[in-house]
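**Student:** make a model of this:
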Amino acid sequence: MKTIDLGIVEHGFKVGDVCSMIPPNITEDCFLSDGGEVIGFYIRDIRKHNPMLAKYVDIANAEFRSKRVPKATMSRSSAVNARREGGLGVEQYSTIIGSVPPKPHMRRAYPTRSSVHDVKTAEVFIKAMLIVCRESEELIKKLAPHIYEQQERIISENVPEEWRLGRLFTSSISNFNISASYHVDNANLKGCVNVIIAKREGSRGGNTTVPDYGATFGSFDNSMLVYPAWRNLHGVTPIVPTEPKGYRNTLVFYPLKAFRNE
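**Tutor:** You can find the predicted model right below:
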């Protein structure tokens, strides 16, 4: 794959600003380099690199969209933005699996495992997601072994085994039709990457954009972005269905620092 050198550009965006509809300018397989260091990579279609991964992404996506998996529904400004962009409006929901950090303000002073693991009807979804996690890790190991080795070391030094999801992560969230204002993932372990895999049909938008680099990654069906989300301001552009059942879903794996070894 080719390597794209990401250079810092000036911009006026700040945390909390809403993303506009920005077309992608990174749409082909590539490694992502900053200052000569490869910090991640982008794949337009995982089916070309790992058919097993693609198979279980399809299963996880179908199960997630079914009534068998519990979800947290939400009403966010992105739904309004979608209508303003000429879309049909969107239903939004998400599901977290793996480890959940302590949140004292919610009267949860200790880490837990997601309650979804206790839901019998969600078993197929969870098993599929665990395979997606494993196969994603194998793809990272194959394409960017230095990233894999560094993240495996950071996780082993900072996260007890009981709070790990696979070898490289602690948690996963599936986001259905959810765009995001500009933010930095400050809760993530520094030096690590996230995995973002997209499934979509009958929609446009939902691209991950990083203004520090002037880079916007195409959120195509079966695309995969491996990126250090703690590193830069980034956001997700509005998701606009172009047909009644159109949607964009992302399966995201990430490593949180809330489970550090004492």
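**Student:** any stretches of the protein with poor pLDDT?
**Tutor:** 74-90, 104-108, 261-262 (pLDDT under 70).
**Student:** for it, longest helix please?
**Tutor:** helix 123-143 (DSSP state H).
**Student:** show me what that one is packed against.
**Tutor:** Where contact means 3 or more Cβ pairs under 8 Å, 6 or more residues apart in numbering; DSSP states H and E, helix 123-143 is packed against helix 51-65, strand 92-100, helix 145-158, strand 171-176, strand 194-201, strand 224-227, strand 247-254. To be clear about C-beta, it is placed using only N, CA and C from the backbone, and glycine gets the same treatment.
**Student:** what residues does stretch 153-171 touch?
**Tutor:** The contact list for stretch 153-171 (Cβ atoms under 8 Å, 6 or more residues apart in numbering) reads 96-100, 111, 114, 130, 133-134, 136-137, 140, 148, 151-152, 172, 189, 191-193, 195, 253-261.
**Student:** of all the helices and strands packed on helix 123-143, which one is nearest V210?
**Tutor:** Closest of the helices and strands packed on helix 123-143 to V210 is strand 224-227, at 7.8 Å (criterion: Cβ to Cβ).
**Student:** after the closest one, which helix or strand is next?
**Tutor:** Of the helices and strands lying after strand 224-227 in sequence (DSSP states H and E), the nearest is strand 234-236.
**Student:** which neighbours does that next one have in its sheet, and in what orientation?
**Tutor:** Strands that pair with strand 234-236, judged by DSSP bridges, come out as strand 180-183 (antiparallel), strand 208-210 (antiparallel).
**Student:** how far away from the center of its chain is the shortest one?
**Tutor:** The gap between where strand 208-210 is centred and where its chain is centred comes out at 12 Å by Cα atoms, centre = their mean, to the nearest Å.
**Student:** then stretch 156-166?
**Tutor:** 19 Å.
**Student:** now do the end-to-end distance for it.
**Tutor:** End-to-end distance of stretch 156-166: 11 Å, with Cα to Cα, to the nearest Å as the criterion.
**Student:** what about the closest residue to S203 other than its chain neighbours, neighbour count?
**Tutor:** Counting by Cβ to Cβ, 6 or more residues apart in numbering, S203 lies nearest to G246, which is 4.0 Å off, once chain neighbours are set aside. When neighbours are counted by other Cβ atoms under 10 Å, G246 registers 18.
**Student:** G246 and K199 touch, don't they?
**Tutor:** No. Using Cβ atoms under 8 Å, G246 makes no contact with K199, being 11.9 Å away.
**Student:** follow-up on the earlier one: which among the contacts of stretch 153-171 count as buried?
**Tutor:** Buried members of these, counted by 16 or more other Cβ atoms under 10 Å: 96-100, 111, 114, 130, 133-134, 136-137, 140, 148, 151-152, 172, 189, 191-193, 195, 253-259.
**Student:** contacts for stretch 92-110 next, please.
**Tutor:** For stretch 92-110, the external contacting residues (Cβ under 8 Å, 6+ apart) are 64, 69-76, 78-79, 111-114, 116-117, 125-126, 129, 163-165, 169-178, 187, 256, 258-259.
**Student:** swap the cut-off to 7 Å and go again
**Tutor:** Here stretch 92-110 makes contact (Cβ atoms under 7 Å, 6 or more residues apart in numbering) with 64, 69-74, 76, 79, 111-114, 116-117, 126, 129, 163, 165, 169-178, 187, 256, 258-259.
**Student:** what does stretch 189-196 give?
**Tutor:** With Cβ under 7 Å, 6+ apart as the test, stretch 189-196 has contacts from 40, 136, 147, 150-151, 154, 158, 208, 224-230, 250, 252-257.
**Student:** let's see it at 8 Å
**Tutor:** With Cβ under 8 Å, 6+ apart as the test, stretch 189-196 has contacts from 39-40, 136, 140, 147, 150-151, 154-155, 158-159, 168-169, 185, 188, 208, 224-230, 250-257.
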